[in-house]
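Visitor: Sequence and predicted model, in that order:
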Amino acid sequence: MSSETQLGLDHSPSTLQPLLTVTGLVKKFGSFHALDGAGFNVKPGEVLGLIGPNGSGKTTCINVITGLYRPDQGTVLYQGKPIGGLPSHRLARLGINRTFQVPKPFMSLTVRENVEVAQSYGQAGGSADDGLKDIKILLEHLELDRDMNRLAAELTSAQQKMLDLARALATRPKLLCVDELGAGLNPSELSRVAERLRGLAKSGIALLVVEHLMDFVDQVTDRLVVLSAGKDIFSGPLALAARDPQVIEVFLGASDEH
Amino acid sequence: MPEHSPTAKWLRHVLLIIVPVVLVAALLPHVYSNRLLLFNFIVFLTLAQGVNIIYGFTGYLPFGYVGFFGAGAYGFAISVMHLHWSPFPSLVVGALTAVAIGAVLIPLLRLSGPYFAIANLAAALGLAQIVANPALQGITKGPYGVSLNGIYQPGLSYGTSIVILVFALACALYLRHSRFGLALQAVKNDPISAAMAGISVVKARTMAWLLSALIAGLIGANFAWYVSVFYPENVFSPDFSIFAIVFALFGGVATVTGPILGVLLLYGLYNFIGISSPQYFQLIYGLLIMVLVLFLPSGIGSLLRRWGIHVV
């Protein structure tokens, strides 16, 4: 039910200009087209879910947006400027960040150093003076404050996911790509993560969420884009997606009767 | 960073590490007559810190590290022989020669792991061959070696080597305490997420690489000054790379005290039994390296850490 009220909110940011607009994105690996003309946009404060079967190009999409791959064709517009092919560290300073499907914290650094390094290198105008206070607030918010001085390698995998998120948030992103943050979390952890992501969107951050868990998607996202074979085939709320014949075909396979 | 304590920490470590090293290095020649041995200790202490900077903080294993050392020595020699410059400006020429070689080798940083180590080794061997080429006799004296007897000043050049060691230690301490050092360790851990943290991975690696080249170049130039007579195979000896790497690894990289400990213990052992009965030395050395790799891959520093002792 809560998703319906959120869907209602979707109409208010619609007057805003999109923060990110992706059009006709193509990414080839050899002869394989991981992305084949995908397009969508995200507005500030909006949570866009990116779903699709395995291999449909969700993670590749995030990898292109965050500078890990250079797009072969198509444009990525961020705040109205093309950013396709810029290196990751520059994108991070422009306010684009992400978490990773398998969390990638800096294992030999402490939790606090993990966040500190992102804060001092990733923020647009250099780090603020009250940097240390910010780190404490951020870590408290993600329930990592008690492990602040432990090495990242010593954390549980759920905590490492939160640290991945903390590292991304320490750069003060405007666009946050979240790649399967929910996978492997238990139901109570999941609902807390969902709450946090909603909170981030409320603060004005645009979120691009890749996820397989449909309850989580329902809880978190305002709108969905469904990818299939590197193309976007649907855009709209989950309730409509579940009734779209093309989406059903992609997820469940074509019916036997032609 | 925003706290006040890092500066205090800095000062404390300077007092605890650099001051004793300087005192010991400066006073020992008065009570111990084999100054060449002491000089060699300083050379390895410096080289081990250079290896520490590139390997400990970025993960690149520089099997050809001696290339910078030899470049520094020959840069110094050429400056003295052909430009007729005095030792101090010639030290700068030597150091810059090493940094220039480092700059030429920057593309090697695209390689990783063993590929980098092998390519770096090949580069150093190649450089040694070029320097030793009889066709370059007019510039480098080729295989016939360099003799710089006009500037032989063992006292002054020994003192200078202490200054260079202090510089190397200060660089390592800086990396241990600065946000740049933190960034390098982040890059070593995971370059992709380091880039997402806003770190320019290529720039960070390049700076560490050139800094380690500078340190080896300085001490190489100082070596040329101190010994004054040397051959290409002396200053390009692979032993320099291997020893410096083993010492740094033995003590524990990414700390400042680890490599110091490694040099004092292992190079001490080497001089204690290595000269008189080299066969036993090689046996012990081989066993030691095996034990190290199997049980203490992060050096004896990690052993201390396991016992709860903070290693700087």
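Guide: Everything's here; your move. Numbering: from 1, shown residues only, chains lettered A, B, ... in the order given.

Visitor: Scan chain A for its longest helix.
Guide: If you go by DSSP state H, chain A has its longest helix at helix A:187-202.

Visitor: What about B:Ile106, how many residues nearby?
Guide: Here the neighbour count serves as a burial measure; for B:Ile106 (other Cβ atoms under 10 Å in any protein chain shown) it reads 13. For every residue, glycine as well, the C-beta is placed using N, CA and C.

Visitor: got the contact list for whichever residue of the stretch 101-250 of chain A sits closest to chain B?
Guide: Nearest residue of the stretch 101-250 of chain A to chain B: A:Gly122, at 3.0 Å (Cβ to the nearest Cβ). Contacts for A:Gly122 were tallied using Cβ atoms under 8 Å, 6 or more residues apart in numbering or on different chains; they are A:His89, A:Ala92, A:Arg93, A:Asn97, A:Ala170, A:Thr171, A:Arg172, B:Met196, B:Ala197, B:Gly198, B:Ile199.

Visitor: Need the pLDDT of it.
Guide: pLDDT for A:Gly122: 92.

Visitor: Turn the contacts of A:Gly122 into CSV, columns for pLDDT.
Guide: What follows is those, written out as CSV (pLDDT from 0 to 100):
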residue, pLDDT
A:His89, 97
A:Ala92, 97
A:Arg93, 96
A:Asn97, 97
A:Ala170, 95
A:Thr171, 95
A:Arg172, 94
B:Met196, 97
B:Ala197, 97
B:Gly198, 96
B:Ile199, 97
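
Visitor: out of those, what pair is the most spread apart?
Guide: A:Arg172 and B:Ile199 (15.7 Å; Cβ to Cβ).

Visitor: out of these two, which sits in the more crowded spot?
Guide: Residue environment comparison for A:Arg172 versus B:Ile199 gives the larger neighbour count to B:Ile199, 27 against 19, counting by other Cβ under 10 Å.

Visitor: and the more buried one, what is it in contact with?
Guide: If a contact means Cβ under 8 Å, 6+ apart, then B:Ile199 has A:His89, A:Val117, A:Tyr121, A:Gly122, B:Ala183, B:Ala186, B:Val187 as its contacts.

Visitor: Mind telling me what element B:Met290 is part of?
Guide: Assigned by DSSP states H and E, B:Met290 falls within helix B:278-295.

Visitor: can you list contacts of that helix?
Guide: The list of residues contacting helix B:278-295 from outside it, by Cβ under 8 Å, 6+ apart, reads B:Val246, B:Leu249, B:Phe250, B:Leu266, B:Leu269, B:Tyr270, B:Ile273, B:Gly274, B:Gly299.

Visitor: Enumerate the residues of the stretch 51-200 of chain A near chain B.
Guide: Taking Cβ under 8 Å from any Cβ of the partner chain as the criterion, the stretch 51-200 of chain A approaches chain B at residues A:66-68, A:87-89, A:92-93, A:97-98, A:100, A:104-109, A:113-114, A:116-118, A:120-123, A:127, A:129-132, A:164, A:167-168, A:170-171.

Visitor: Show me the shaky parts of chain A.
Guide: Counting by pLDDT under 70, chain A contains low-confidence residues at A:1-15, A:125-130, A:254-258.

Visitor: Spell out the secondary structure type for the residue lying closest to A:Pro87 once chain neighbours are set aside.
Guide: With Cβ to Cβ, 6 or more residues apart in numbering or on different chains as the criterion, A:Pro87 has its nearest non-adjacent residue at 5.4 Å, and that residue is A:Gly67. Under DSSP: H, G, I helix; E, B strand; the rest coil, the three-state class of A:Gly67 is coil.

Visitor: Which is the succeeding secondary structure element to the helix or strand hosting A:Tyr121?
Guide: A:Tyr121 is part of helix A:111-122, with elements assigned from DSSP H and E. Later in the chain than helix A:111-122, the nearest helix or strand by DSSP H and E is helix A:131-141.
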